[in-house]
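**Student:** attaching a predicted model along with its sequence, questions to come.
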Amino acid sequence: MQFDLQKTDTQTAARAGEITTAHGKIQTPVFMPVGTVGSVKGIHIKDVKEDIKAQIILGNTYHLFLRPGIKIIEQAGGLHRFNSWDGPILTDSGGYQVYSLSGTRKLDERGVLFRSHIDGSKHQFTPENVIDTQRSIGADIMMAFDECTPYPCDYDYAKNSLEITHQWLARCVKQVNETEPKYEYGQSLFPIVQGSIYKDLRIKSAETIASYGADGNAIGGLSVGEPHETMYEMTGLVCNILPKDKPRYLMGVGTPENILESIALGVDMMDCVMPTRNGRNGMLFTKNGIINIKNKKWENDFSPVEEDGESYVDQLYSKAYLRHLFAAHEFLGGMIASQHNLAFYLWLVREARKHILNGDFAEWKPVMVQRVKQRL
């Protein structure tokens, strides 16, 4: 994997760059649609590529490990062939899912023993077998196994958790170095900065992660309930330490406002389930603000979902029709809203990139933040 930093904004830390992988180039900053179980919920792969114009999608090690299972994915020739996506794929290691399963898992230095949310069966994740699983999935970018700390958590818990995450990282790196990809292309490992909301822990983790000289680095353990101001503070702190010549991935973020503020802090890559999850519940993100399409005010509004929208569904369907679909509990409503939201998110980061390259990002960003966060 290669990262070319093309321009850094003179008034903020925003960057424009290009990542080259075996499955194609990624222009940054980039938003990555989440395809947890190998699919972006409710959207055809053809539309993900041609309409939404996604450059890279995510898969999740925990979910794919449980279903369909690694043997099936290997027999298919890897996730790219299994789901027909020919672009880059990033896989989360399962650390966040382990965090969310706190009531049904046991964690120690060796790894995590957990029960499947599907059938209650017992499984164990270790740094070694998580790397092996990601080898089988065939992700272009593999995430190191980590523990995502909850919010709030006390200092001692965060400190002990960080030590385990760093121990696991060393084992992940060793396993990567001692194994080969299963398919005919290379794979990159991204370590993950943790440390909750404690500055000294975040600094220590960022310095540790930077010392590995990995192809890219991630920032985890944020957007888990802490105030947005705290998330921005931790993100900016870490970005000032992580290498400038490697991409920085802020995990699980977020709203359009969060994305713009994070880009301004030096983040290159982001992902979040919000566009599809909120879309399935009738929330539309637009260039002029947020729409709750279930509201009665849209009942006889026959204008397009968004006048100058980025997706063909914006012009094809009216707000009134989309509201009708939600009122009738039709699956199509959630599909249309999800496709619109993802197309908008991808447009937003492309616009950010354009303004970084043009040199006016610092003027454009605050205006756009105010627009996208207002309720319509």
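**Tutor:** Arrived safely, thanks for sending. Residues are numbered from 1 along each chain as shown.
**Student:** ok, and for stretch 9-29, which residues are buried?
**Tutor:** Buried residues in stretch 9-29, counted by 16 or more other CB atoms under 10 Å: 9, 12-17, 19, 21-23, 26, 28-29. Bear in mind the C-beta positions are built from the backbone N, C-alpha and C, glycine included.
**Student:** which one among those gets closest to residue 186?
**Tutor:** residue 22 (6.1 Å; CB to CB).
**Student:** mind checking how far the closest one is from residue 7?
**Tutor:** 25 Å (CB to CB, to the nearest Å).
**Student:** which element is residue 347 on?
**Tutor:** Following DSSP states H and E, one finds residue 347 within helix 331-358.
**Student:** pLDDT on that helix, on average?
**Tutor:** Over the span of helix 331-358, the pLDDT mean works out to 98.
**Student:** which SSE is immediately downstream of that helix?
**Tutor:** Going down the chain from helix 331-358, the next helix or strand is helix 361-373, by DSSP H and E.
**Student:** which intervals of the stretch 101-250 of the chain have sub-threshold pLDDT?
**Tutor:** Regions of the stretch 101-250 of the chain meeting the criterion pLDDT under 70 cover residues 101-102.
**Student:** quick check: residue 106 touching residue 112?
**Tutor:** Yes. With contacts defined as CB atoms under 8 Å, residue 106 counts as touching residue 112 at a distance of 7.1 Å.
**Student:** out of these two, which sits in the busier spot?
**Tutor:** In terms of neighbours (other CB atoms under 10 Å), residue 112 is the more surrounded of residue 106 and residue 112; the figures are 23 against 11.
**Student:** go ahead and confirm that one touches residue 125.
**Tutor:** Yes. Using CB under 8 Å, residue 112 is in contact with residue 125, at 4.9 Å.
**Student:** what residue in the chain is the furthest from its centre?
**Tutor:** With distances taken from the mean C-alpha point of the chain and given as CA atoms, centre = their mean, the most distant residue is residue 300, at 36.0 Å.
**Student:** wait, a helix at it?
**Tutor:** No. Assessed by DSSP: H, G, I helix; E, B strand; the rest coil, residue 300 does not belong to a helix; its assignment is coil.
**Student:** got a list of what it touches?
**Tutor:** Counting by CB atoms under 8 Å, 6 or more residues apart in numbering, residue 300 makes contact with residue 320.
**Student:** for it, give me the pLDDT.
**Tutor:** For residue 300, pLDDT reads 98.
**Student:** can you give me the helices for the stretch 201-350 of the chain?
**Tutor:** 228-239, 256-264, 274-280, 312-316, 319-327, 331-358 (DSSP state H, counting those that start in this stretch).
**Student:** turn the ones you listed into CSV, columns for distance to residue 53.
**Tutor:** Supplementary listing: the helices of the stretch 201-350 of the chain in CSV, determined by distance: least, CB to CB, whole Å:
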stretch, distance to residue 53
helix 228-239, 26
helix 256-264, 16
helix 274-280, 14
helix 312-316, 12
helix 319-327, 21
helix 331-358, 5
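**Student:** deepest of those, which one?
**Tutor:** helix 256-264 (a mean of 24; mean count of other CB atoms under 10 Å).
**Student:** just give the closest residue to the most centrally placed residue in the chain, not the sequence neighbours.
**Tutor:** The residue at the geometric middle of the chain, judged as the C-alpha nearest the mean C-alpha position with CA atoms, centre = their mean, is residue 271 (2.1 Å). The spatial neighbour of residue 271 that comes closest, neighbours along the chain excluded (CB to CB, 6 or more residues apart in numbering), is residue 32 at 4.2 Å.
**Student:** which ones are touching the one you found?
**Tutor:** 54-58, 90, 269-271.
**Student:** now the residues you listed in TSV, with distance to residue 280?
**Tutor:** Converted to TSV, the contacts of residue 32 look like this (distance: CB to CB, whole Å):
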residue	distance to residue 280
54	18
55	23
56	22
57	18
58	17
90	23
269	24
270	20
271	17
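**Student:** out of those residues, list just those in strands.
**Tutor:** The strands, defined by DSSP state E, take in 57-58, 90, 269-271 from these.
**Student:** max pairwise distance over those: which two?
**Tutor:** Spanning the widest gap among these are 57 and 270, at 13.0 Å by CB to CB.
**Student:** where along the stretch 151-300 of the chain do the strands fall?
**Tutor:** Along the stretch 151-300 of the chain, the stretches classed as strands by DSSP state E, counting those that start in this stretch are 188-190, 192-193, 217-219, 248-250, 269-271, 283-286, 289-292.
**Student:** tell me the mean pLDDT over the last one?
**Tutor:** Taken as a whole, strand 289-292 has an average pLDDT of 98.
**Student:** pull out the buried residues from it.
**Tutor:** Under the neighbour-count rule (16+ other CB under 10 Å), strand 289-292 has 290-292 buried.
**Student:** of those, which is the nearest to residue 200?
**Tutor:** When the buried residues of strand 289-292 are compared against residue 200 (criterion: CB to CB), the nearest one is residue 290, at 36.9 Å.
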